[in-house]
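K.L.:
show me the folded form of this:
(chains A and B)
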2 protein chains.
Amino acid sequence: MPRQVTAFSNSIVKRLRSLREKKVRREEGMFLAEGLRILTEARDSGRLPEIVAFSAEGAKHPLAAEIIAATEAAGGEAIETTPDILSKMSGKDNPQMLLGAYRQPDTSLEHIDRAKSSIWIVAQSLRDPGNIGTILRTGDAVGAGGLILVDESADPFSVEAVRASMGAIFTQQIAAARWPQFLEWLRSGPGQLVGTSLQTDVDYRSPRYEDPTFILVGNEAQGLPEDYEKQCDLLVKIPMLGRADSLNAAVATGVMAYEVLRQRRPAP
Amino acid sequence: MPRQVTAFSNSIVKRLRSLREKKVRREEGMFLAEGLRILTEARDSGRLPEIVAFSAEGAKHPLAAEIIAATEAAGGEAIETTPDILSKMSGKDNPQMLLGAYRQPDTSLEHIDRAKSSIWIVAQSLRDPGNIGTILRTGDAVGAGGLILVDESADPFSVEAVRASMGAIFTQQIAAARWPQFLEWLRSGPGQLVGTSLQTDVDYRSPRYEDPTFILVGNEAQGLPEDYEKQCDLLVKIPMLGRADSLNAAVATGVMAYEVLRQRRPAP
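P.N.:
Predicted coordinates for the structure are as follows:
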């Protein structure tokens, strides 16, 4: 049976709320996801929350009721609470009526099975959690295997990233590594590392991309460091006809990923 | 000579700061842009601020000094102030050292000259100012003429949109209109209206796009209303291989815009 919680001072309210902080997420190895759509995505990918919190209103939806029941059946905790307290936990004025706390997956490179997909996305020092979530969402759309975050980056398990991923946080594999580790892992198997760069004349539509392709995107402000570019198997350029010299990182990733997909699956 | 302002209570500080509010922006017909890069973009596009505020540090950069001098020469106001006050004005902890208040351009459809480009972007009811800015930036990159915002939408002149545009707010034409007005204007001249939709089997890579192409993207959560889709000349679908049924609006726009560009300018 779900537990009723109506006090802001309740320890589980405080605990869920504290998962909005990166430090706590890291210590506890947990993260928050909000909303029926994302929690359903999780469930359909075989993931249940360890704690699910919901309003009476939220529990009325049959899919929500299923998730709540499944969470309890799996030994997790179900908390019925007020919209005000959900709002406090999620930090949003109009909170979703359903919120789950999930265990973070292992993000070591060793868990990545590169044979699972012909497209992988690698992002270096991304600063904006929204970009990370959007890239995960794009990865899901092109059938990528997952996202490898290289060097210091925003937290893919932050509320903003999870929200922007629209559930892809549960369907895409996620790894984090320093550049030398990543390179060593990459070179231990097949894979073509393709960087987007201004330092090349190769149009991104010209090469044949090898299987699997690792699309490498750089930091939002600086792009890829020069010595990282040198380690790529291929540098390509997306044409820029205007005054700006770069696209938003998530848009550039999308354009690249759909180009690789075009070669794997031509238009019918 | 620049005026020195060191008090938070100064009226010009309050006025600039108030431009972070949509209501004030609309009433005054002004907006804020921050940072040397974006202000330089503006200047290179022939636009100077009516008021430029800067720190002593910021004014040391030769490009900043030029913009400050040009603003004064054009009858605008130059305000030297402290980083703390700049921070207050921009709402950022680490403010840019240069901030300009610009007059908003006329956003009536009648100012759009469709012959100027073979690609135009039309966005319906976008809610996220970051998406609007990112789409402007993409528009600049593909050589689009500009962005037409249809129906109720986030403000393209908000600080977030201007920031995400990376200066494209000054290089792209911007219009705002209700759907019936937009359709009437569209049909008064040449142009193919292409909507991205789930309700079609036409792969976005298959059609020949006509000149000029108007790429229509829908609201982040709902996509395009059905009756809007019916008025399109063509509906196309971007393949979605994963679990999600849509891309982020700015990513979808980027993928579509580069597809249209591919037909206009094939890879060398």
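K.L.:
phi, psi for A:L32 please.
P.N.:
Main-chain dihedrals, A:L32, degrees, to the nearest 10: phi -100, psi 140.
K.L.:
that one contacts A:R163, correct?
P.N.:
No - in this structure, A:L32 sits apart from A:R163 without contact. The criterion is CB atoms under 8 Å, and the distance is 9.6 Å. Where you see a C-beta, it was placed from the backbone N, CA and C, and this is true even at glycine.
K.L.:
between those two, which one's more packed in?
P.N.:
The residue with more neighbours, out of A:L32 and A:R163 and counting by other CB atoms under 10 Å in any protein chain shown, is A:L32; that gives 25 against 21.
K.L.:
which one is that one nearest to, not counting chain neighbours?
P.N.:
What sits nearest to A:L32 in space, not counting adjacent residues and going by CB to CB, 6 or more residues apart in numbering or on different chains, is A:L19, at 4.9 Å.
K.L.:
quick one: that neighbour and A:M30 touch, right?
P.N.:
Yes - using CB under 8 Å as the test, A:L19 is close enough to A:M30 to be in contact (5.8 Å).
K.L.:
overlap in contacts of those two?
P.N.:
Common contacts of A:L19 and A:M30, defined by CB atoms under 8 Å, 6 or more residues apart in numbering or on different chains, comprise A:A101.
K.L.:
would you mind listing what in the stretch 51-200 of chain A touches chain B?
P.N.:
If contact is defined as CB under 8 Å from any CB of the partner chain, the residues of the stretch 51-200 of chain A in contact with chain B are A:130, A:134, A:137-143, A:164, A:166-168, A:171.
K.L.:
of all those, which two lie farthest apart?
P.N.:
Using CB to CB, the two most remote members of those are A:G130 and A:G143, lying 22.4 Å apart.
K.L.:
picking that back up, just the buried residues out of the residues of the stretch 51-200 of chain A next to chain B, in ChimeraX syntax.
P.N.:
To isolate the buried members of those in ChimeraX, using 16 or more other CB atoms under 10 Å in any protein chain shown:
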select /A:130,134,137,138,139,140,141,142,143,164,166,167,168,171
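K.L.:
got TSV for the residues of the stretch 51-200 of chain A next to chain B, with pLDDT too?
P.N.:
Listed next are these as TSV, based on pLDDT from 0 to 100:
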residue	pLDDT
A:G130	96
A:T134	98
A:R137	98
A:T138	98
A:G139	98
A:D140	97
A:A141	97
A:V142	97
A:G143	97
A:A164	95
A:M166	94
A:G167	95
A:A168	97
A:T171	95
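K.L.:
can you list the buried residues in the host helix or strand of A:K23?
P.N.:
Taking DSSP states H and E as the definition, one finds A:K23 inside helix A:22-28. Across helix A:22-28, burial judged by 16+ other CB under 10 Å covers A:R25.
K.L.:
need the residues that contact that helix.
P.N.:
With contacts defined as CB under 8 Å, 6+ apart, helix A:22-28 is touched by A:18-19, A:31, A:104, A:155, A:157-158.
K.L.:
among these, which are located in helices?
P.N.:
The subset of the contacts of helix A:22-28 located in helices under the criterion DSSP state H comprises A:S18.
K.L.:
closest to chain B among the contacts of helix A:22-28?
P.N.:
Set against chain B, the nearest of the contacts of helix A:22-28 by CB to the nearest CB is A:S158 (15.7 Å).
K.L.:
can you classify the nearest residue to A:M97 once chain neighbours are set aside by secondary structure?
P.N.:
If the residues on either side of it in the chain are set aside, A:M97 comes closest to A:G58, at 2.7 Å by CB to CB, 6+ apart. Remark: A:G58 carries the secondary structure label helix [criterion: DSSP: H, G, I helix; E, B strand; the rest coil].
K.L.:
and if you look at the one 10 residues further on?
P.N.:
When the structure is split into helix, strand and coil by three-state DSSP, A:I68 lands in helix.
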